[in-house]
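Q: Below: sequence and its predicted model.
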Amino acid sequence: MTKIAFSLWNKRIAPVFDVARNLWIVETDENDIIGQSGKRFATDDTQDRALRLTTLQVDQLVCGAITRSSSEVLAEHGIMVISFIAGELEQVIQAWLSDSLKDGHLAMPGCSRGKRRSAQRY
Amino acid sequence: MTRQKKQTAEIGGATTDAILESISDGVFTVDLDWRINSFNRAAEQITGISRKDAIGRFCSEVFRSNMCETNCALRKTLKNGKPIIGRSGYIVDEEGGRTPISLSTAVLKDSSGQVVGGAETFRDLSEVETLRHELEGRTHVGEIVSRSPMMQRLFEVIPAIAASPSTVLITGETGTGKELMARTIHALSRRCKGPFIALNCGALPDTLLESELFGYKAGAFTGATKDKPGRFAVAKGGTLFLDEIGDVSPALQVRLLRVLQEHSFEPLGGTETVPADVRIVVATNRDLTELTKNGTFREDLYYRINVVRIELPPLRRRKEDIPLLVDQFIVKFNRLHHATVRGVSPETLSLLMAHNWPGNVRELENIIERAFVLCPNGIIGMDHLPDEISFRGYRSTVPTALQSARSLLESQAIRTALERNGYSRLAAAKELGMHKSTLFRKIKQLGIIPPGKDGRSKTAR
């Protein structure tokens, strides 16, 4: 089972994760969606946000632009980050399920393809 | 439109384009659906995004500013028609770097006065920020700010300490910034690319702390269904920060000593020794020398961790840093709370300077955060401070600037003399070597409240 968080704003992926307020959490089991729910971030503090995602047991984060420092903190918490993605939430979820996010057709302008940073969860 | 008017409009349009292309400020315009319809050369340079990629896309996904989602200046301008000038923020580039910017907004109208979109002008402040940082560099190391001579001496040695692989012991009262110092050492060290893992040894029971530190193998104990790496393993290639080291039990002290001596450890239930590729920084607010004397802390471990020692002074001994710290917290909370606090009033700063700060920098940070709740914009005043700091609470707590040291000493001496003489003002005045009328005046002036009965009433009976 994999839990993916999509940072959300106006039914699209939020432009900047560091200040994004909302998350859409999707639970999948072998590419089938088994649960979905909306969550919120209470603060913009990087450590608090990483902790929130860890508490929600999120394995992967799909987001728009993200600062290097935020990305590193998430990696320290063992969360894989697929960043610089733009598009309608539904479209991005489908692309994740079909493993086509890395193709680049949903990359933010000026970003050739979604970037991934990851680290071991502990 | 006549031919002449059309020609004039074309020339005007071409001139505007030429101007927009020649200026060093980035400019883009959006339609009413927030899609970009023009993007000048400077905008391409600052954002790193070509005009071809930007045109037709949502401005928030091209501009990628910290303001887009919750605090969009252009949205506000289009709503109320008022331009915004010089708002500060940052944009995020493709590599995740922050570019500081200042931006201004305007409404775009067509020839009939109909609103057709908005324009945003932005300026790259990187150079200004670099210069500012260079100037601030004298009072900053990492995120630690100070202009106190005590801290300046520390600042001089921190780069050398960070560069060495030695274990560091950080001591200081609670709230003096021990973890921040540990993070700074990590950030300046060769291990900065590795993780910084912090663990509060005082927060966990002994058995849990052991498994957290060293990890365990599946089957090591009931409930251990799979392997779990400990903090020593997770911090591989980085820095492990152990806070409240003085609270570690004697049994665990032995295991820690072994890791420090042999640079390796064994996970619980494991049979193989794992090398510990970590730099260790420990901290405590307790007196380890005292703890070793009374046998609570192992002497050999103490000497192992006390290789390089950093003693952080309490805030009351570096009060000259208070204005600098206040400014730093205001910048931080303005960013976190989307607030626009400009500073603190001179009277407020005087009160902050006069406070004793038992909770140190953390207490100051909390007080500024509290003030932000009551005052999200403008200037923080005395009313936004808690009672123990503001004038309202001075009677019951600590000295403030409003009571001079002399008044306080006088007040204390008078109270003691009165108590010792059974509240006889005459006897107290004699003891204090002053005339009784002077004593009466001082009692009134200093607001000393006499008890129900005094020496006179006692004598009268």
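A: Structure received.

Q: Quick check: the gap between residue A:90 and chain B.
A: For residue A:90, the distance to chain B equals 16 Å [CB to the nearest CB, to the nearest Å]. (Glycine included, C-beta is placed from N, CA and C.)

Q: Provide the secondary structure category for that residue.
A: helix (DSSP: H, G, I helix; E, B strand; the rest coil).

Q: Centroid-nearest residue for chain B?
A: Geometric centre of chain B, nearest residue: residue B:329, 5.4 Å, by CA atoms, centre = their mean.

Q: Roughly how far does it sit from chain A?
A: Taken as CB to the nearest CB, the span from residue B:329 to chain A is 13 Å.

Q: cool, and residue B:234?
A: In this view, residue B:234 and chain A are 4 Å apart by CB to the nearest CB.

Q: Report how many residues lie close to that residue.
A: 22 (other CB atoms under 10 Å in any protein chain shown).

Q: ok, now residue B:92?
A: Applying other CB under 10 Å, we find 28 residues neighbouring residue B:92.

Q: isn't it right next to residue A:16, touching?
A: Yes: in this structure, residue B:92 is within contact of residue A:16 by CB atoms under 8 Å, at 5.7 Å.

Q: got the buried residues for whatever helix or strand residue B:429 lives in?
A: Under the criterion of DSSP states H and E, residue B:429 resides in helix B:425-432. Buried residues in helix B:425-432, counted by 16 or more other CB atoms under 10 Å in any protein chain shown: B:425, B:427-429, B:431-432.

Q: what do you get for stretch B:239-259?
A: For stretch B:239-259, a neighbour-count test (16+ other CB under 10 Å) marks B:239-248, B:252-253, B:255-257, B:259 as buried.

Q: And the contacts of stretch B:268-281?
A: Stretch B:268-281 has contacts (CB atoms under 8 Å, 6 or more residues apart in numbering or on different chains) with B:165, B:167-168, B:170, B:182, B:185-186, B:189, B:191, B:210-211, B:214-221, B:224, B:232-233, B:235-242, B:259-260, B:263-267, B:305.

Q: Next step: the residues you listed restricted to helices.
A: Taking DSSP state H, the ones among these that sit in helices are B:182, B:185-186, B:210-211, B:214, B:232-233, B:259-260, B:305.

Q: Can you give the domain ranges for chain B?
A: B:3-125, B:137-313, B:316-393, B:405-460 (automatic domain parsing).

Q: wait, which of those is closest to residue A:49?
A: Of all the domains of chain B, domain B:316-393 sits nearest to residue A:49, with 11.5 Å by CB to CB.

Q: of all the ones in helices among the contacts of stretch B:268-281, which comes closest to chain A?
A: residue B:233 (7.7 Å; CB to the nearest CB).

Q: Run a quick neighbour tally on that closest one.
A: With other CB under 10 Å as criterion, residue B:233 counts 22.

Q: And residue B:308, by the same measure?
A: 16.

Q: and it, what is it in contact with?
A: B:161, B:164, B:166-169.

Q: Residue B:199: which element?
A: strand B:196-200.

Q: And for that strand, what's in contact with it?
A: Contacts for strand B:196-200 (CB under 8 Å, 6+ apart): A:76, B:179, B:182-183, B:186-187, B:209, B:212-213, B:231, B:234-235, B:238-244.

Q: With mean pLDDT as added columns, please give the domains of chain B in JSON lines.
A: As requested, those are exported to JSON lines (pLDDT from 0 to 100):
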{"stretch": "domain B:3-125", "mean pLDDT": "89"}
{"stretch": "domain B:137-313", "mean pLDDT": "89"}
{"stretch": "domain B:316-393", "mean pLDDT": "86"}
{"stretch": "domain B:405-460", "mean pLDDT": "73"}
